[in-house]
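Colleague: sharing a sequence plus its predicted fold:
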Amino acid sequence: MGSNDAVMVDEVSFPPQISITKPLPLVAHGITDIEIHFLQIKFTAIGVYIDPQIGAHLQKWKGKSPADLAEDDDFFDALVSAPVEKLVRVVVIKEIKGSQYGVQLEGSVRDRLAEEDKYEEEEEEALEQVVHFFQSKYFNHHSVITFYFPPTAAQTVEIVFTTDGNEESKMEVKNANVAEMIQKWYLGGSRGVSPTTVTSLAAALSAELSK
């Protein structure tokens, strides 16, 4: 497959790389879905773009199989905390209100922070801003949400929303604890929101680490 070919994830096309400060290759992909009465309902397609330098931060796991990595939450913690550029591109398959998505994200991030005793006033405020950002949006089919994590030691995240060719809206989360947990929502190992994405990450990074 040529490096310029789009990658199809469940009928959604993903660019093979995305550049913010430099080209980030598409490393892994998956979907979020649920099963209701044996019927699979797909909500979003996900593409994960990571600076290839990530390998340098994961040497401890060199030679591990994809199955081992997929079940190792320490590995995903190291992936999340590695100070390299990461971008998660989420494309809507099933239309929902932005407020529904915001509430899911808020619940997951708040629970993770509370467990680690990191849910203070600052975190609550930062999370409220994220919920507010999504509140007024409508997630049409093929709307795109991107979460861009710059390579800074103190984590931040820039969230961008685009739908139907409208102008993009964006916000930045400067609270490191909230930014970290948003990243873990998508890249967080056994508790990630998309098991298919976690499996795909494990396979790609296992291959990368055995080079």
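Modeller: Sure thing, it's come through.

Colleague: in the lengthiest strand in the chain, what counts as buried?
Modeller: Longest strand in the chain by number of residues (criterion: DSSP state E): strand 23-36. For strand 23-36, the neighbour count (16 or more other C-beta atoms under 10 Å) marks 24, 26-33 as buried. In short, each C-beta sits where N, CA and C put it, glycine included.

Colleague: repeat that for stretch 147-154.
Modeller: 147-150.

Colleague: still on that earlier bit, widest-spaced pair of the buried residues of strand 23-36?
Modeller: Distances among those were taken as C-beta to C-beta; the most separated pair is 24 and 33, at 25.3 Å.

Colleague: sorry, back to before: give me the mean pLDDT for the longest strand of the chain.
Modeller: Regarding strand 23-36, the rounded mean pLDDT is 96.

Colleague: that one - contacts with which helices or strands?
Modeller: Under the contact criterion of 3 or more C-beta pairs under 8 Å, 6 or more residues apart in numbering; DSSP states H and E, strand 23-36 touches strand 7-9, strand 17-19, strand 39-50, helix 195-209.

Colleague: coming back round to it: which among the buried residues of strand 23-36 gets closest to residue 174?
Modeller: Set against residue 174, the nearest of the buried residues of strand 23-36 by C-beta to C-beta is residue 24 (21.5 Å).

Colleague: tell me who's in contact with the closest one.
Modeller: Shown in contact with residue 24 (C-beta atoms under 8 Å, 6 or more residues apart in numbering): 17-18, 49-51, 85-87.

Colleague: same list, these, but as a markdown table with distance to residue 116, neighbour count and pLDDT please.
Modeller: Below are the contacts of residue 24 laid out as a markdown table (distance: C-beta to C-beta, whole Å; neighbours: other C-beta atoms under 10 Å; pLDDT from 0 to 100):
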| residue | distance to residue 116 | neighbour count | pLDDT |
| --- | --- | --- | --- |
| 17 | 34 | 13 | 97 |
| 18 | 30 | 17 | 97 |
| 49 | 27 | 25 | 98 |
| 50 | 24 | 25 | 98 |
| 51 | 26 | 21 | 97 |
| 85 | 25 | 21 | 97 |
| 86 | 21 | 24 | 98 |
| 87 | 25 | 22 | 98 |
